[in-house]
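J.: Here's a sequence, model it:
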Amino acid sequence: MNLSSADITSLDKSIVVLPFKNLSGDHSNDYFSDGITEEIINALTKIDGLKVTARTSSFAFKNKPSDIRIIGNELGVTNAVEGSIRIAKERIRISAQLTRTDTGFLLWSEKFDRELDDIFALQDEISLLIADKIRENFGHIDIGDSLATVQTGNLTSYQWYLRGRYYQLTWNLANMEKAIEFYQKAADFDSSYADPIVSIGWCYAIIASWGHIDRKEGLEKANLYLDKGLKMNPNSYTGYFGKATISFWGNWQFENGFKELQLCLNENSHFSEGREALAELFTATGFFEKAAEETEQILKINPLSPNHYYTKGNLYYLQGDYQTALKCFESSLKLDNSFDLSRHLKVACLLFLRDKEKTLNYAKSFLDDKLVTIIEAIFNAVNNNQVPDYDESLLSQNLNLMVYWDFYYLVHCQKTDIALERFKEMVEKRIGQIINFQFDPFLEPLRNTKVFKGLQDVIFGGVQASTFDIETDKVADTPTFTNKESDELKSALDKTLSCEQAFLRSDLSLRLLAEELSIHPNRLSKFINDYLQTNFTELVNGKRLEHFQKIALLPENSHLTLLGLAYESGFNSKTVFNTYFKKVAGMTPKQWLKSQV
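T.: Model prediction:
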């Protein structure tokens, strides 16, 4: 594949923050190192133009040694952040480094030793340093003066919140109840902290929508907490996502769900769970092209999410493309072989592809004998026109199944009246995956019944393409320069770099240079990128290289080493010097010096 310069630039501005290692000697502090990793991810996602790998894909590498170049290739990113955390009494030590995944080249590393109470400012500092290094090396991006995402200064409250987050992100429904307890403790320590309040509402929305607790009571609690949290923090993207969960999954209110997802994505366009929900909403309402666009986006942000591959597979499954759907489900199961939704729909795909042996063998690998019997009966009905012998003992009273095999069994046993009654009950209770009923291939025998058509019209009749026409907010770019401004800045930059030789300072950064020029770093970055057609690192290292080549040829410097002269020229690393020199001159410094004799 040939990449354009725009493709390469876009790829360069991509990053994964790998889970920081907990070196405290106490595994109970894992929640803290995970939380700090996630906060840095969240901070970097605030930067428009920087592709940041989502948490799920980042954490797929937790506690797994792997070559950084392999990780970069698998995730499609050029830069990786690695780090470690050590908590000792009331102090925290953090080591962090930024590395290019294509070359293994170290761009930046630093160690921090602070009071534990300083963790909030430290997270922001680290995030800004990482963003600065990306900008300095790969071109302009606008960076805010602060990237902080934590809305509390209370360390105890924050620690309880991170414990809750640790359990919530297992996506286990029982663990979400435990997460609620921790979030409540966080709110008790800081009543002004919106995130735990929002998270309680989000947890209730999920466990109620999926029938883990009483639906009506759970959704009422979810709305109560989410409304309170959004009042405290109107910019909470998770708050809007929680509201969208209630509207879409809880109540099947598609227009409200769409609007709330737009509000969520206006706050964080990188939030892959929000985009996944949008894809699911488009799928349920039949806007398959829009759904496909979203699934492609979420897999770029979060390429190792089994759920995202399931979402993509479900889209193709509901359109009758079982071969493509099967590949997606198998990709999902390669990442997590116990992912139930993908396991069940893999069985369904094999069934519609008429492979009885594979269908039953795979079903037997994770389902009980009763369900396997049902699946075999459905297979014969769908593929061989054999009406099964009806056995009521095979049915389940549980409506909250991943796939409704016993309901499909009723349909294909031609127990139409019983099947329609159950269908009406599931629709009225807004049960899980039945939301996709109008495209479900197993429901073909019911499609022309009055009940089916009536429910389809009630649920989806008002949904039009215009329902989904709302655009997201656009991020304002740094303004361009007038001719006068451009000339003045170029003159000032030449004076500082060429006349005053600021490049000789090894600690020179874009922010420091901008401060000396009395200009915002975003403005200086844009000028260097757009008007000088380079980036900060190339600009400064170019000046350093010119200086090195001048002083290296002076007779009075013949007794000095080339590396020593490189350091005198402003380079602060042997690797950086040698790599840059060879890139520009096409030979090593020693070879160049010999060629000058």
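J.: those helices in the stretch 101-250 of the chain, which residues are they?
T.: 119-138, 155-168, 173-189, 194-209, 215-232, 237-245 (DSSP state H, counting those that start in this stretch).
J.: could these be laid out in TSV, adding mean pLDDT and distance to L455?
T.: Bear in mind the C-beta positions are built from the backbone N, C-alpha and C, glycine included. Output for the helices of the stretch 101-250 of the chain, formatted as TSV (pLDDT from 0 to 100; distance: least, Cβ to Cβ, whole Å):
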stretch	mean pLDDT	distance to L455
helix 119-138	93	49
helix 155-168	93	34
helix 173-189	95	27
helix 194-209	93	19
helix 215-232	95	18
helix 237-245	94	22
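J.: I'd like those as TSV, with mean neighbour count appended.
T.: Output for the helices of the stretch 101-250 of the chain, formatted as TSV (neighbours: other Cβ atoms under 10 Å):
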stretch	mean neighbour count
helix 119-138	21
helix 155-168	21
helix 173-189	19
helix 194-209	26
helix 215-232	19
helix 237-245	27
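J.: So for N63, which of those sits nearest?
T.: helix 155-168 (14.6 Å; Cβ to Cβ).
J.: The closest one to helix 119-138, inter-axis angle?
T.: Relative orientation of helix 155-168 versus helix 119-138 (axes from the mean of the first three to the mean of the last three Cα atoms, to 10 degrees): 60 degrees.
J.: Please renumber the chain so that the first residue is 809 from this point on.
T.: Let's use 809 as the start, then, which means that last one is helix 963-976.
J.: ok so, going back, compare the helices of the stretch 909-1058 of the chain and give me the one nearest K919.
T.: helix 927-946 (11.0 Å).
J.: packing partners for the closest one?
T.: helix 813-820, helix 838-852, strand 899-908, strand 914-923, helix 963-976, helix 1318-1324, helix 1344-1360 (3 or more Cβ pairs under 8 Å, 6 or more residues apart in numbering; DSSP states H and E).
J.: Make JSON lines from these and add distance to L826 to it.
T.: JSON lines is the format used below for the helices and strands packed on helix 927-946 (distance: least, Cβ to Cβ, whole Å):
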{"stretch": "helix 813-820", "distance to L826": "18"}
{"stretch": "helix 838-852", "distance to L826": "8"}
{"stretch": "strand 899-908", "distance to L826": "10"}
{"stretch": "strand 914-923", "distance to L826": "14"}
{"stretch": "helix 963-976", "distance to L826": "17"}
{"stretch": "helix 1318-1324", "distance to L826": "25"}
{"stretch": "helix 1344-1360", "distance to L826": "23"}
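J.: Which among these is found nearest to G1009?
T.: helix 963-976 (11.8 Å).
J.: Please verify my assumption that D820 contacts G947.
T.: Yes - with contacts counted by Cβ atoms under 8 Å, D820 reaches G947, the gap being 7.4 Å.
J.: Who has more neighbours out of the two?
T.: G947 (22 against 19; other Cβ atoms under 10 Å).
J.: Any figure for the gap between the more buried one and K941?
T.: 12 Å (Cβ to Cβ, to the nearest Å).
J.: And for D820?
T.: 12 Å.
J.: which SSE is F869 in?
T.: Using DSSP states H and E, F869 sits within no helix or strand.
J.: what's the burial count for it?
T.: Other residues close to F869 by other Cβ under 10 Å number 20.
J.: Show me the contact partners of stretch 1004-1015.
T.: Residues from elsewhere that reach stretch 1004-1015, judged by Cβ atoms under 8 Å, 6 or more residues apart in numbering: 965, 968-969, 972-973, 976, 981, 984-985, 987-988, 991-992, 994-995, 1021, 1026-1027, 1029-1038, 1040-1041, 1044, 1046-1047, 1049-1051, 1053-1054, 1057-1058.
J.: now with 7 Å?
T.: For stretch 1004-1015, contacts defined as Cβ atoms under 7 Å, 6 or more residues apart in numbering pick out 969, 972, 976, 981, 984-985, 987-988, 991-992, 994-995, 1021, 1026-1027, 1029-1030, 1033-1034, 1036-1037, 1040, 1044, 1046-1047, 1049-1050, 1053-1054, 1058.
J.: Which residue is the nearest non-sequential neighbour of Y1216?
T.: Once flanking residues are discounted, Y1216 sits nearest to F1250: 4.3 Å by Cβ to Cβ, 6 or more residues apart in numbering.
J.: Repeat that for A939.
T.: Per Cβ to Cβ, 6+ apart, closest to A939 is I951, 4.9 Å.
J.: ok, the one you found - contacts?
T.: I855, L936, A939, D940, R943, P1329, N1330.
J.: Does the fourth one touch R1319 like I think?
T.: Translated: D940. Yes - shown here, D940 and R1319 form a contact pair, counting by Cβ atoms under 7 Å, at 6.3 Å.
J.: Find the residues that touch each one of those two.
T.: Taking Cβ under 7 Å, 6+ apart as the criterion, D940 and R1319 do not both touch any residue.
J.: in what helix or strand does the nearest residue to L1254 once chain neighbours are set aside lie?
T.: Sequence neighbours aside, F1260 is the residue nearest to L1254 in space, at 4.7 Å (criterion: Cβ to Cβ, 6+ apart). Assigned by DSSP H and E, F1260 falls within helix 1258-1268.
J.: Could you name the helices and strands sitting against that helix?
T.: Here helix 1258-1268 touches helix 1224-1236, going by 3 or more Cβ pairs under 7 Å, 6 or more residues apart in numbering; DSSP states H and E.
J.: The helix it packs on: which residues count as buried?
T.: Buried residues in helix 1224-1236, counted by 16 or more other Cβ atoms under 10 Å: A1227, L1228, R1230, F1231, M1234, V1235.
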